[in-house]
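>>> I would like the atomic coordinates for the input below:
(2 chains)
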Amino acid sequence: MAHIEFTQITKSFKDHAILKGIDLDIANGEFLVLVGPSGCGKSTLLRLLAGLEKWDGGDIKVNGQSLKNLEPQDRDIAMVFQNYALYPHMNVAENMGFALKLQKKPKEEISRRVKEIAGLLQIDHLLERKPKDLSGGQRQRVALGRALARQTSIVLFDEPLSNLDAHLRSQMRVEIKRLHQAVKSTMIYVTHDQMEATTMGDRIAVLKDGRIEQIGTPSEIYHQPKNLFIASFIGSPEMNFMEGPVVHKLPWPEARRENQILGVRPEVFKISQGPLLPQELELGSFQIELSENLGGQQMLHGRLEGQTVRILVDSAEQFYMNQKVPVKIDLTKSHLFEKSNGQNQRLQEVKDFKEPQCPPGFA
Amino acid sequence: MIKRILAWLSVLLFAVFSIYPMLYVLGVSLRGDNAFQSQSLEILSASSTGKNFIDLFTQTDFLVWMRNSLWVSTVTTFLGVAFASTSAYALSRFQFRGRNTMLFSLLATQMFPPTMLILPFYIILSKLHLIDSFLGLFLIYSSTALPFCIWQMKAYYDTIPKELEEAAVLDGCSRWLTFYKIILPVSAPALVITALFSFMASWSEYVIAAVVLQDPQMYTLPLGLRSFQASLATQWGLYAAGALIVSVPVLILFISISRYLVSGLTMGSVKG
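Now for the predicted structure:
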């Protein structure tokens, strides 16, 4: 059971401010992902919580108790490191049971718990091996197992999948999610990969330059980005941004002002056919320059009103080079950003957008 | 093919060239005192006997010297490893005032030729009344070997990822326990080399021992061997037999730890 509160956390290294007042409230049993470009302070935040660094100002509390004077080993926190940090002179079982041994748990209990977690991670056949005899994916599982075997109330992940290949990474993503449901610890996961963030997190906190730009569910962050940075950082393929005369076509009052940027995700564009729905707007003629086949869908690269745009459409449709097609957008899913400060002008309106409801058990 | 044969032949030639003197010493140890005056290159001859080896153990203080040498080398090695492993850890992991100065001062001590230090060492030891005592020898041997050992250990610690220690701290280790349970075992190859260096530095050292030790009962092996050399007659047979026996522990040490000399224990702990 761990409810974590960060209040006005600041941290500097020499003259360089890394964290500039972080407020964050993480519910018990939540899976929170901290995401942001490198150097945004996300790993530092994790290390402060773990006790590997000391913060300058503010406070971190777990279940109402400040961590300020608690040593790392007394915080009931386990951590999975990016480079695994397995003890090279111990075999897998010893690695996983090391913390329990230090806690002077009876041998039978250690071996039972190690076997249980190893079973969960499907590494029970590797228990006698040394880290150097394992593959990257296996080492990652052992590192995960070492953190889980302690049954701490908080588990931290510092970019644990960034050394794995794409296939293994997607496999481990699911696995970590599944483990979270099984062990119910509060988990904080740091990554720079927005894909990992949106697929894994119950909630996502997007960091930039030592500040939290937005906190919300993956769907909130994706559909209601607060500003230009989040809109461009979250989502793959990236959102399209358009400036100039095309913006003035929009029926919104803000769109008449200068220096506005229209943001439309590639899948929000549709090839116009037939009459428009009330929330739709025909934006103009799109000239196709290139098509990328992504399997089920294809990405059309081309120009719309003189600006480079990417549109995601079904791959069954046939297009040819330099073909011109009329395209429309759904206004309820489009965004308008103020150029000077990047703020999303239409956040209130977009907020009315309802997330599709998942059937119970799939959330 | 021809290249390989040439390479093989030249290696063989070098091997014979470097091993022949040792075989010659073996030959001398098995012959009489005048063997060095013999003109022949043969190693074993009809007159070869094991008499010199028997005499070495029964007629001389060889065993006493051996015991002294083992004692001095073991203590020096122990001190060297203990001090080098801990101080190098501090220099590698902690940031403190004077850290760089300290590292460079250690390096600077290596720039003076050891013979230059004999007189100062003698004066210091005589003021401390440590002439003719093993303690004096321990002090000098470990202090002269330490700078190199510290640098060597530090270089190795620097390659150990700090995440390994952080993981240990989160697992519940104190700083000392992290050092003892994680860092030291991982550093085994460097520790072995440091130990070997300290051992060798004291095992075969002659000049300082000759200055510090004056009582023949306290002689170390190099001093003992030297005592076979008299102004009128040198007992070359005994000398050669002693020299061979002196090299045996070093040989055993090298063979037994050779697997550590090929490092690589950290492989696999972090991404690789």
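
>>> for the stretch 1-150 of chain B, just list every one of the strands.
Counting by DSSP state E, counting those that start in this stretch, the stretch 1-150 of chain B yields no residue ranges for strands.

>>> got a list of what the closest residue to chain B within the stretch 201-350 of chain A touches?
The shortest separation between the stretch 201-350 of chain A and chain B is 21.2 Å, found at A:Leu207 (distances taken as Cβ to the nearest Cβ). The C-beta positions use only the backbone N, C-alpha and C, and glycine is treated the same way. Contact analysis of A:Leu207 by Cβ atoms under 8 Å, 6 or more residues apart in numbering or on different chains lists A:Leu34, A:Val35, A:Gly36, A:Cys40, A:Gly41, A:Lys42, A:Leu45, A:Glu213.

>>> same thing but at 7 Å, please
Residues counted as contacts of A:Leu207 (Cβ atoms under 7 Å, 6 or more residues apart in numbering or on different chains) are A:Leu34, A:Gly36, A:Cys40, A:Gly41, A:Lys42, A:Glu213.

>>> list the contacts of the residue lying closest to it once chain neighbours are set aside.
The shortest distance from A:Leu207 to any residue that is not its chain neighbour, by Cβ to Cβ, 6 or more residues apart in numbering or on different chains, is 3.6 Å, and that residue is A:Gly36. Contact partners of A:Gly36, counting by Cβ under 7 Å, 6+ apart, are A:Lys42, A:His192, A:Val206, A:Leu207, A:Lys208.

>>> in helices only, show me those.
Per DSSP state H, helices hold the following members of those: A:Lys42.

>>> the contacts of A:Gly36, buried ones only, as a ChimeraX selection?
Written as a ChimeraX command, the selection of buried residues from the contacts of A:Gly36, which uses 16 or more other Cβ atoms under 10 Å in any protein chain shown, is:
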select /A:42,192,206,207,208
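
>>> any idea which of the contacts of A:Gly36 is closest to A:Arg265?
Comparing those against A:Arg265 with Cβ to Cβ picks out A:Val206 as the nearest, at 16.5 Å.

>>> contacts only, for the closest one.
Going by Cβ under 7 Å, 6+ apart, A:Val206 touches A:Val35, A:Gly36, A:Glu213, A:Gln214, A:Ile221, A:Ile230, A:Phe233, A:Ile234.

>>> now with 10 Å?
In this structure, A:Val206 makes contact with A:33-37, A:40, A:42, A:194, A:197, A:212-216, A:221, A:225-227, A:229-230, A:233-234, judged by Cβ atoms under 10 Å, 6 or more residues apart in numbering or on different chains.

>>> emit the ChimeraX select command for whichever of these are buried.
With 16+ other Cβ under 10 Å as the criterion, this ChimeraX line picks the buried residues out of the contacts of A:Val206:
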select /A:33,34,35,36,40,42,194,197,212,213,214,215,216,221,225,226,227,229,230,233,234
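
>>> the helices in the chain, which residues?
The chain I'm using is chain A. Using DSSP H, the helices assigned to chain A run over residues A:42-50, A:92-102, A:107-121, A:136-149, A:166-183, A:194-200, A:218-223, A:228-233, A:245-248, A:347-351.

>>> my bad, chain B
Using DSSP H, the helices of chain B run over B:2-29, B:51-58, B:62-93, B:99-109, B:118-127, B:134-159, B:162-171, B:175-178, B:184-186, B:188-203, B:207-212, B:221-226, B:236-261.

>>> what's around whatever residue of the stretch 101-250 of chain A ends up closest to chain B, how many residues?
Proximity of the stretch 101-250 of chain A to chain B (Cβ to the nearest Cβ) peaks at A:Lys132, 2.7 Å away. Using other Cβ atoms under 10 Å in any protein chain shown, A:Lys132 has 15 other residues around it.

>>> retrieve the pLDDT associated with A:Lys177.
Per-residue pLDDT puts A:Lys177 at 91.

>>> gap between the residue lying closest to it once chain neighbours are set aside and A:Leu121?
Here the nearest residue to A:Lys177 in space, its sequence neighbours aside, is A:Met200; by Cβ to Cβ, 6+ apart that works out to 5.8 Å. When distances are taken as Cβ to Cβ, to the nearest Å, A:Met200 and A:Leu121 turn out to be 17 Å apart.

>>> out of the contacts of A:Leu207, who's nearest chain B?
Checking the contacts of A:Leu207 against chain B with Cβ to the nearest Cβ, the nearest one is A:Lys42 at 16.4 Å.

>>> not counting sequence-adjacent ones, nearest residue to the closest one?
Of all residues apart from its sequence neighbours, A:Leu34 sits closest to A:Lys42 (Cβ to Cβ, 6+ apart), at 4.2 Å.

>>> right, and that neighbour touches A:Tyr189 too?
Yes. Contact status for A:Leu34 versus A:Tyr189: in contact at 7.1 Å, counting by Cβ atoms under 10 Å.

>>> contact partners for the residue lying closest to A:Phe98 once chain neighbours are set aside?
The spatial neighbour of A:Phe98 that comes closest, neighbours along the chain excluded (Cβ to Cβ, 6+ apart), is B:Asp171 at 5.4 Å. When the contact criterion is Cβ under 10 Å, 6+ apart, the partners of B:Asp171 are A:72-73, A:78-79, A:87, A:95, A:98-103, A:146-147, A:149-150, B:177-178, B:181-182.

>>> try 7 Å this time
With contacts defined as Cβ under 7 Å, 6+ apart, the neighbours of B:Asp171 are A:Phe98, A:Ala99, A:Leu102.

>>> now the buried members of the residues you listed.
Burial by neighbour count, 16+ other Cβ under 10 Å: within the contacts of B:Asp171 this picks out A:Phe98, A:Ala99, A:Leu102.

>>> residue 204: neighbouring residues, count only.
As the question left the chain open, I've gone with chain A. Every residue meeting other Cβ under 10 Å relative to A:Ile204 is counted, giving 28.

>>> if you could check chain B rather than the one you did, that'd help
For B:Ser204, which is what you asked about, the neighbour count (other Cβ under 10 Å) is 16.
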